[in-house]
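Peer 1: I'll drop the sequence and a predicted model, then ask my questions.
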Amino acid sequence: MKILAIETSCDDTAIALVEASGTMSTPKFKILKSVVSSQIKIHRPWGGVVPNLAKREHIKNLPKIFDKLKVKGKKAKVDAICVTVGPGLEPALWAGITFAKEIYRQLKTENPTKTGQPQAGKLRLIGVNHLEGHLYSFLLSQKTVNSKHKILNPKSYSPTPIFPAIALIVSGGHTILLKMDSPIKWKKLGETKDDAVGESFDKVAKMLGFPYPGGPEIQRLAEKGNPNAVRFPRPMIGSKDYNFSYSGLKTSVLYYLRDNPKAEKEDVAASFQEAALDVLIKKTERAAREYGAKSIFLSGGVAANSVLRNKLLVISNKLGANFFAPPMDFNTDNAVMIAVAGYMSILRKKNKKLIADGNMRI
Ligand code: KG4
Ligand code: ZN
């Protein structure tokens, strides 16, 4: 089935066209088109994403991107439109939902049945949870087993036990650890009690004088610094639960910079990154051991961090578990992951209401 997916939960306007097939345990995805238009430059002067500005830009960008994709007329043959309904910035989410409804009406009248009546019940309009998008993006990943990189081929992965799996979702808004027993059954083990890990990367980068988004800048600086230069705290690393906390670490960096104005930025970035990732890695490893995980899934914008990817790969190898992380283009927000989660929703016969829900949970 051909899926048109729309993602506008934050500052990226993304549309994708994906051919999806297969069953719940052997889903297959072919990316036909994927466009992500970033609004970073527009929000930069404000030091963060401004919801109403994001909405205005999405409304401007969506028709432009859609026209470029040429998904009109009889040839389009779209079977489902999937759109992110939450969590995220509500004005931004509404821009995507409203556009999805418009396209739904358009495609219905452009593809009438023989009697000239709009097709009834064929084209679907599916609401998708953004976090399920990140979670299911393991289905797009390059499978890495014992350091051998292979493109994930659902036929080859389905007989291999990959569940139970431990999934770590790390982004600008979320830090979540889940146990997944099957493609449709999961349980949240823990999450951040305050800032998300990506948010702490963004805030520390800002303290060091770098613009939003800070994650890539911190990683670049850290490559040239000493991760043991400053011993920043590892909040909640010893707590028995699977929760996280990043606001104290950010404050420690702030005080350190205030007291050491001549500190090398590279060393501060490397030491901060080491502390921030240490907690993620330790808790993921502990959960994987506790639940006898056959796989570790990593996703969300912070999954683009190569130190985190490599360390989790090493842990997975040590535990004899598979490691899945999406290819680089599909860690940060994109619409392909929304198509993937949308297809899984269709197979699960689940649909979310087409109402923006900024605080939607997974
Ligand atoms: O998933 P995403 O695009 O948006 C949300 O759903 O939040 O994640 C964006 C976050 C930002 O905080 C950004 O700084 C972070 O991902 N990020 C990184 C890296 N690339 C992006 N954090 C650490 N290292 C990176 N290389
Ligand atoms: Zn995201």
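Peer 2: Thanks, I have it. Ligands and ions are numbered 1, 2, ... in the order given.
Peer 1: measure the residue in the stretch 1-150 of the chain that ligand 1 sits nearest to to residue 355 for me?
Peer 2: Using C-beta to the nearest ligand atom, residue 10 is the residue of the stretch 1-150 of the chain that sits closest to ligand 1, at 5.5 Å. Any C-beta I mention is one placed from the backbone N, CA and C, and that applies to glycine too. The gap separating residue 10 from residue 355 is 18 Å, by C-beta to C-beta, to the nearest Å.
Peer 1: who has more neighbours, those two?
Peer 2: More crowded of residue 10 and residue 355, by other C-beta atoms under 10 Å: residue 10, with 25 against 13.
Peer 1: residue 134 touches residue 172, doesn't it?
Peer 2: No. Assessed by C-beta atoms under 8 Å, residue 134 is found out of contact with residue 172, at 11.3 Å.
Peer 1: burial of whatever residue of the stretch 151-300 of the chain ends up closest to ligand 1, as a residue count?
Peer 2: Of the residues in the stretch 151-300 of the chain, the one nearest ligand 1 is residue 215, at a distance of 2.0 Å by C-beta to the nearest ligand atom. Neighbour count for residue 215, taken as other C-beta under 10 Å: 26.
Peer 1: also residue 82?
Peer 2: Using other C-beta under 10 Å, residue 82 has 31 neighbouring residues.
Peer 1: which SS state does it fall under?
Peer 2: strand (DSSP: H, G, I helix; E, B strand; the rest coil).
Peer 1: quick one, what contacts it?
Peer 2: 3-6, 126-128, 338-339, 341-343, 345 (C-beta atoms under 8 Å, 6 or more residues apart in numbering).
Peer 1: in JSON lines, list those along with neighbour count and distance to residue 292.
Peer 2: Formatted as JSON lines, the contacts of residue 82 follow (neighbours: other C-beta atoms under 10 Å; distance: C-beta to C-beta, whole Å):
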{"residue": "3", "neighbour count": "26", "distance to residue 292": "34"}
{"residue": "4", "neighbour count": "29", "distance to residue 292": "39"}
{"residue": "5", "neighbour count": "30", "distance to residue 292": "34"}
{"residue": "6", "neighbour count": "27", "distance to residue 292": "38"}
{"residue": "126", "neighbour count": "23", "distance to residue 292": "34"}
{"residue": "127", "neighbour count": "23", "distance to residue 292": "34"}
{"residue": "128", "neighbour count": "31", "distance to residue 292": "30"}
{"residue": "338", "neighbour count": "34", "distance to residue 292": "31"}
{"residue": "339", "neighbour count": "34", "distance to residue 292": "32"}
{"residue": "341", "neighbour count": "25", "distance to residue 292": "26"}
{"residue": "342", "neighbour count": "33", "distance to residue 292": "31"}
{"residue": "343", "neighbour count": "29", "distance to residue 292": "29"}
{"residue": "345", "neighbour count": "22", "distance to residue 292": "28"}
